[in-house]
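>>> 3D model of this:
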Amino acid sequence: MPIDRAVPTGNLLLAALSATDRALIVPHLEHLSYAKGSTVFEAGDEVTHITFPCEQTVVALVVATRDGRTAETVTIGHDGAVGGIVGPGRMPASANALVQVGGPTLRLHADRLLEATVRSASLRDLFARYADCFLAQLVQTAACNALHPIEQRCLRWLLTLQDRLGGDILPITHEVLAAMLGVQRTYLTRILRTLQDQGLIQVGRGRITVVDRAAVSAAACECHGRVRLHCETVLGAVYGPAAHVARAEALPATG
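The predicted structure follows:
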């Protein structure tokens, strides 16, 4: 069902649109909610839609090997979109898009985005800048997975998730986090225990709490900070401090 163009989206990328560009996009958006653990698309699927996670919804692009192992390559929340962003859309997906934190999304057919970008140079520029940030995260994650120890990779992933949720309590299980990092659950449990003993996190049932964000950032590798700085430089209006304040004001109260 198409949404009213006056309804807040809960997505920073869409919220950054000018009124003129919003008129080209918003009438074609559709509401779609995903449960935690569901799939937006699978590797090999023709990607016909762009999905914009809203509020606290988080989607990860995950590569699965033929021996059953998995690893996260990009994590997308209210800051962006998944599917048909880097390419022109309607291309086979190279990874599985899995919902890590369930919630609302907005969906746009790839043909509608193509039509809108043909009509608007500013819209083309915005999505080109986002594609650059998307690729920056992809490239940095590849380097991180190859070069950094599991403890730093784990902290980098937790910081990335925290950015997209906006709170200290992360609703993530050991099993899911192990799948994102490409390690065995038992091994990850030992790593989390070590990080908890260091006072960085608190591990609970179905959740991990970031106890000290500054300490976690200091203990993590430089990958998270490097991607965040790049994105704020390229898309300052979307990812800058003012955007985060606007998002916090728009989120529903909890507690």
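
>>> grab the nearest non-local neighbour of residue 58.
residue 101 (4.1 Å; C-beta to C-beta, 6 or more residues apart in numbering). For the C-beta atoms, the positions are set from N, CA and C on the backbone; glycine is no exception.

>>> that neighbour touches residue 60, doesn't it?
No. Between residue 101 and residue 60 there is no contact under C-beta atoms under 8 Å: 9.6 Å.

>>> which one's more surrounded, the two?
Set residue 101 next to residue 60 and count neighbours by other C-beta atoms under 10 Å: residue 60 wins out with 27 against 21.

>>> that one pairs with what?
Beta-bridge pairing of residue 60 under DSSP bridges involves residue 75, residue 98.

>>> over to residue 50?
residue 108.

>>> can you give me the distance of residue 50 to residue 37?
22 Å (C-beta to C-beta, to the nearest Å).

>>> looking at the two, which is more packed in?
More neighbours surround residue 50 than the other of residue 50 and residue 37, with 23 against 11 (other C-beta under 10 Å).

>>> where do the strands sit along the stretch 101-250 of the chain?
103-109, 169-170, 201-204, 207-210 (DSSP state E, counting those that start in this stretch).

>>> among those strands, which is the most enclosed?
strand 103-109 (a mean of 20; mean count of other C-beta atoms under 10 Å).

>>> who touches it?
Strand 103-109 is contacted by residues 3, 9-11, 14, 25, 28-34, 48-57 when judged by C-beta atoms under 8 Å, 6 or more residues apart in numbering.

>>> off-centre distance for it?
How far strand 103-109 lies from its chain's middle: 14 Å, per C-alpha atoms, centre = their mean, to the nearest Å.

>>> what do you get for stretch 152-167?
Counting by C-alpha atoms, centre = their mean, stretch 152-167 is centred 10 Å from the centre of its parent chain.

>>> pull out the buried positions in that stretch.
152-165 (16 or more other C-beta atoms under 10 Å).

>>> out of the residues you listed, list just those in helices.
Secondary structure from DSSP state H places 152-165 of those in helices.

>>> point out where this protein drops to low pLDDT.
Along the chain, segments meeting pLDDT under 70 span 1-8, 86-90, 237, 240-255.

>>> need the longest helix for the chain.
From DSSP H, the single longest helix across the chain is helix 121-147.

>>> point out the other helices and strands that it packs with.
helix 19-25, strand 70-76, helix 110-119, helix 150-165, helix 223-234 (3 or more C-beta pairs under 8 Å, 6 or more residues apart in numbering; DSSP states H and E).

>>> restricting the selection to alpha carbons, write the second one to CSV.
To tie it back to what came earlier, the one meant is strand 70-76. Extracted C-alpha coordinates of strand 70-76, given in CSV (Å, rounded to 0.1, in the frame of the first residue of the first chain):
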residue,chain,number,x,y,z
THR,A,70,28.7,-17.5,6.7
ALA,A,71,30.1,-14.0,7.1
GLU,A,72,28.7,-10.5,7.1
THR,A,73,29.9,-8.0,4.5
VAL,A,74,27.7,-4.9,5.0
THR,A,75,25.2,-3.9,7.7
ILE,A,76,22.4,-1.5,6.8
